[in-house]
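> I'd like to go over a predicted model; first the sequence, then the structure.
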Amino acid sequence: MRNAYLDIISMQQFQETAAMKLSVEPTDSDSICKEEDKGTAVAAKFIQTADGFEKTEHSWFAMSQIPTELSIQVQDITFHVHKYPLVSKCSYFGWIDLQPPKSNLCCELKLDNLPGGPEAFETILKFCYGLQISLNVNNVAALRCASEFLEMTEALEDGNLISKTEAFFTFVVLSSWRDSITVLRSCETLSPWAENLQIVRRCCDSIAWKIYRETATIEEISNEEKWWFDDMATLRIDYFTRIITALKAKGMKPEIIGSCIMHYAEKRLPSTESDRERSGRHGLQWNIVSGRGQDDDIGSTREQRMIVESLVSILPSQKEAAPCKFLLKMLKLAILFSASPALISELEKRVGLVLESADVNDLLIPSYGSGDQGKLTNSTEELTMHNVDVVQRILEYFLLYEQQQHQQQQQPAPLAISKLLDNYLAEIARDPKLSVTKFEFLAQSLPENARACDDGLYRAIDTYLKTHRSTSDHDRRRLCKVMNCGKLSLDACAHAAQNDRLPLRTVIQVIFSEQVKIRAAIQRKFQTETDSDQEGSTSSRNKEVKALKIELEKLKTQMTELQRHYSELQQEHQKQNTKQRNPSGWTLGWRKIRRPALFNLKIDGEETDEIHNRSNQIHRDTSRRRQSY
């Protein structure tokens, strides 16, 4: 039956496909495959359709009445199929010289580099055999790459698999947000085919455009606007970087981009929070140090380092893009995973710009030995628990930035960073391996006028002397010179005066400063009481003047009434003068009327003068009192 099948094929012409270079060497007399020329023609009607497929653990068989003559191995799965259904739709097999071994008639072929692996090849075989296949978002990328690998073009057949998958990808996948995310995730195992076929680029552009279109009018970030953060966090870092870069090019707000980057880092990077319950106040324990030195963890370390470097590279440069806490987290991870020195330096500069908003716990960066490649060191060398040098460089960047911002001010105001630095000094002072030089240099980094009060610095120095009891007297004096005793509060002076850890000279300075402060406090209290008394006497004088003004207004009112009565009486006497003819009687009557009025007017004038004299006397007394004070 097999010999008959081979004889029929050697005599027929293939009417719908191009000539195929298939040469099979003749074997036994009972199984001779005669080849008329190098391009054997195949009749279309003999491209058989399998009735079904049978799968075993590592094999896949096409169930047909005609035996299979080709075995194709894809990874660990072997497919036993007929070669002519594949030749009719895959140009790849037409350019391969399939020659079966002399032991049997089965040709063997390995497709180790086939995109999509055995799953994609199984679907392609069904398509070649004319069986129904299902295109969906989970397999379209793999089938598109595999069909390109096998050269399933329109030259062999209209509606071949390349055109079908390309149409599905263009009109179905790219029009949907969820489908684009799913296909982009499936491309992670299809490199470089997915890159060369522009599947990744088109998915990234589609996703970026959909994000920008939905968030272009957003003023503030809220939970409703973060609908795309979780989907973005599922993508590989290089795909995520492409989308963020496209969003930055479109002009998206740096706050939204920074929030998305922080969300991605939260999902894909380990936590750097210190375990205070286990380590207490004598060290830090990171959640990611277990098993760091094992060989099977090297790949994970490289991946984490690549994520850190990629996220920092796409982070917007604006200060509002990311808070100081996130920048310090990325700095810790960059040091942990041995990122490039340029990237670490860039992070230190960015932290320096926003150092005022930092928390002291975020500044506690663990130290690593040189060449540890991100491992916590177990050596007994003089290595501090905290990386003080990194904080020193961050502080220098901050001071340089402040100097540029306040170049026109002769005496800048005290910095808010002084309290943060004093708290940090108090934390690292508990490190038994911290040298006096490093502590002193870091404490002296701030200008003299940066601290309004030195209580925090005194607490840090006292903590250091309490931890390092073997510190020499010379080093004790060095540390205490950093502190200005004149800026200590009365409570701090009272504590320092009884502190036996301080040098004698410092204690004397503290006592002298305490006396000066007490004297100044007493003077301020006396001045306050004097001012209150003066305010009381001034208020009493004001009351007297106010009462005199009221009396003067009353007298003015009485004077007006008297003048009105006088006018009425004068008019009455004029009427009587016209009626009476006796002038002596008129004169006598006028005198009787005029004398009481004139008498009353004289009295009123004397009272008015007396009132004015009293008012002047009060003003003179007030002026003398003010001069005496």
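Alright, I've got the coordinates. The structure presented is a predicted model; accordingly, all values stated were derived computationally and were not measured. Residues are numbered from 1 along each chain as shown.
> Now do the helices in the stretch 251-400 of the chain.
254-268, 276-279, 298-314, 324-336, 341-353, 388-405 (DSSP state H, counting those that start in this stretch).
> I'd like these written out as CSV, with mean pLDDT added.
As requested, the helices of the stretch 251-400 of the chain are arranged in CSV below (pLDDT from 0 to 100):
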stretch, mean pLDDT
helix 254-268, 93
helix 276-279, 38
helix 298-314, 90
helix 324-336, 94
helix 341-353, 94
helix 388-405, 90
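> So which of those is the most surrounded?
Each of the helices of the stretch 251-400 of the chain was scored by mean neighbour count; the highest is helix 324-336, a mean of 23, by mean count of other CB atoms under 10 Å. C-beta coordinates here come from the backbone N, C-alpha and C atoms, glycine included.
> With only the CA atoms kept, save that one in CSV.
Only the C-alpha atoms of helix 324-336 are listed here, as CSV (Å, rounded to 0.1, in the frame of the first residue of the first chain):
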residue,chain,number,x,y,z
CYS,A,324,11.7,61.2,49.1
LYS,A,325,10.7,57.9,50.7
PHE,A,326,10.4,56.2,47.4
LEU,A,327,13.8,57.6,46.2
LEU,A,328,15.5,56.3,49.3
LYS,A,329,13.9,52.9,48.8
MET,A,330,15.3,52.8,45.3
LEU,A,331,18.7,53.9,46.6
LYS,A,332,18.8,51.1,49.1
LEU,A,333,17.9,48.5,46.4
ALA,A,334,20.4,50.0,44.0
ILE,A,335,23.2,49.5,46.6
LEU,A,336,21.9,46.1,47.5
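> what sits up against it?
262, 265, 269-270, 272, 286, 288, 304, 308-309, 311-312, 339, 343-344, 347-348, 350-351, 354-355, 357-359, 362-363, 365-366, 368, 374, 387, 390 (CB atoms under 8 Å, 6 or more residues apart in numbering).
> how far off helix 388-405 does that helix point, in degrees?
With axes from the mean of the first three to the mean of the last three CA atoms, to 10 degrees defining the directions, helix 324-336 sits at 140 degrees from helix 388-405.
> which one of the helices of the stretch 251-400 of the chain lies closest to Ser59?
Ser59 lies closest, by CB to CB, to one member of the helices of the stretch 251-400 of the chain: helix 298-314, at 32.4 Å.
> And the helices in the stretch 401-550 of the chain?
417-428, 436-443, 455-467, 473-482, 490-497, 504-579.
> Give me the contact list for the fifth one.
Same thing as helix 490-497. 454-455, 458, 485, 488, 502, 506-507, 510-511, 513-514, 517-518, 521.
> how about that helix: buried residues?
Residues of helix 490-497 classed as buried by neighbour count (16 or more other CB atoms under 10 Å): 492-493, 495-496.
> Next, give me the two most distant ones among the residues you listed.
Cys493 and His495 (7.4 Å).
> May I have stretch 185-192 as CSV, with CA atoms only?
Provided in CSV are the C-alpha atoms of stretch 185-192 (Å, rounded to 0.1, in the frame of the first residue of the first chain):
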residue,chain,number,x,y,z
ARG,A,185,2.4,39.4,28.1
SER,A,186,2.4,36.4,25.8
CYS,A,187,5.2,38.0,23.8
GLU,A,188,7.7,37.6,26.6
THR,A,189,8.6,34.1,25.4
LEU,A,190,8.6,34.9,21.7
SER,A,191,11.7,37.0,21.3
PRO,A,192,13.1,38.0,18.9
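> that older thread, of the helices of the stretch 251-400 of the chain, which is nearest Ser191?
Evaluated with CB to CB, the helices of the stretch 251-400 of the chain place helix 298-314 nearest to Ser191, the distance being 14.9 Å.
> tell me which of the contacts of helix 490-497 is nearest to Cys128?
For those, the nearest to Cys128 is Asp455 (83.3 Å; CB to CB).
> Now that closest one: closest residue in space that isn't a chain neighbour?
Spatial nearest neighbour of Asp455, excluding adjacent residues (CB to CB, 6 or more residues apart in numbering): Ala492 at 4.7 Å.
> Now for the contacts of helix 490-497: which two are most distant?
Across the contacts of helix 490-497 (CB to CB), the longest gap, 23.1 Å, separates Leu502 and Ala521.
> These two: who's more crowded?
Comparing Leu502 with Ala521 by other CB atoms under 10 Å, the one with more neighbours is Leu502, at 23 against 11.
> Tell me who's in contact with that one.
By CB under 8 Å, 6+ apart, the contact set of Leu502 is 462, 465, 476, 480, 496, 510.
> and which of these is nearest to Leu383?
When the contacts of Leu502 are compared against Leu383 (criterion: CB to CB), the nearest one is Leu465, at 21.9 Å.
> May I have the residues that are in contact with that closest one?
By CB under 8 Å, 6+ apart, the contact list for Leu465 reads 471, 476, 479, 501-502.
> mind redoing it with 7 Å?
Residues in contact with Leu465 (CB atoms under 7 Å, 6 or more residues apart in numbering) are 471, 476, 501.
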